[in-house]
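Enquirer: Let me see the structure of the following:
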Amino acid sequence: MVSEAASVGSRSSDTDDVVAAVDEIDGNPHLVIADIARDERWIAVTETDAAALDEWR
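Expert: Numbering: from 1, shown residues only. Below is the predicted model:
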C-alpha cells in the first residue's frame, strides 16, 4: 500500500469523493477510508483499532 499524507485542513483536489466501508483484508475486518476519485488514495485500519463514532462526539 502506498500512502501519502496531507494536512487535514487542506484540500488537494476539487473532485474529492471520500467513502468509508468495513472490508476484509487478510481474513480480518478493516475500516477502509478511500478517495474513490483518485488512485492509491486510501487507508485501512483493523476494525478493533478504529474509533467508534460515539468516541468522536
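
Enquirer: what's near enough to touch the closest residue to residue 18 other than its chain neighbours?
Expert: Nearest non-adjacent residue to residue 18, counting by C-beta to C-beta, 6 or more residues apart in numbering: residue 35, 5.1 Å away. In short, each C-beta sits where N, CA and C put it, glycine included. Listed by C-beta atoms under 8 Å, 6 or more residues apart in numbering, the contact set of residue 35 reads 13, 16-18, 41-42.

Enquirer: Please indicate which of these are buried?
Expert: For these, a burial check counting by 16 or more other C-beta atoms under 10 Å picks out 41-42.

Enquirer: could you redo the contacts of residue 35 as JSON lines and give each row pLDDT and secondary structure?
Expert: Compiled in JSON lines, those are given as follows (pLDDT from 0 to 100; DSSP: H, G, I helix; E, B strand; the rest coil):
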{"residue": "13", "pLDDT": "57", "secondary structure": "coil"}
{"residue": "16", "pLDDT": "76", "secondary structure": "coil"}
{"residue": "17", "pLDDT": "89", "secondary structure": "coil"}
{"residue": "18", "pLDDT": "92", "secondary structure": "strand"}
{"residue": "41", "pLDDT": "92", "secondary structure": "coil"}
{"residue": "42", "pLDDT": "92", "secondary structure": "strand"}
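
Enquirer: Any chance you could spot the residue sitting in the middle of this structure?
Expert: Centroid check for the chain by C-alpha atoms, centre = their mean gives residue 33 as the closest residue, at 1.9 Å.

Enquirer: what sits against that residue?
Expert: Neighbouring residues of residue 33 by C-beta under 8 Å, 6+ apart: 18-20, 42-44.

Enquirer: Please consider this matter closed, and thank you.
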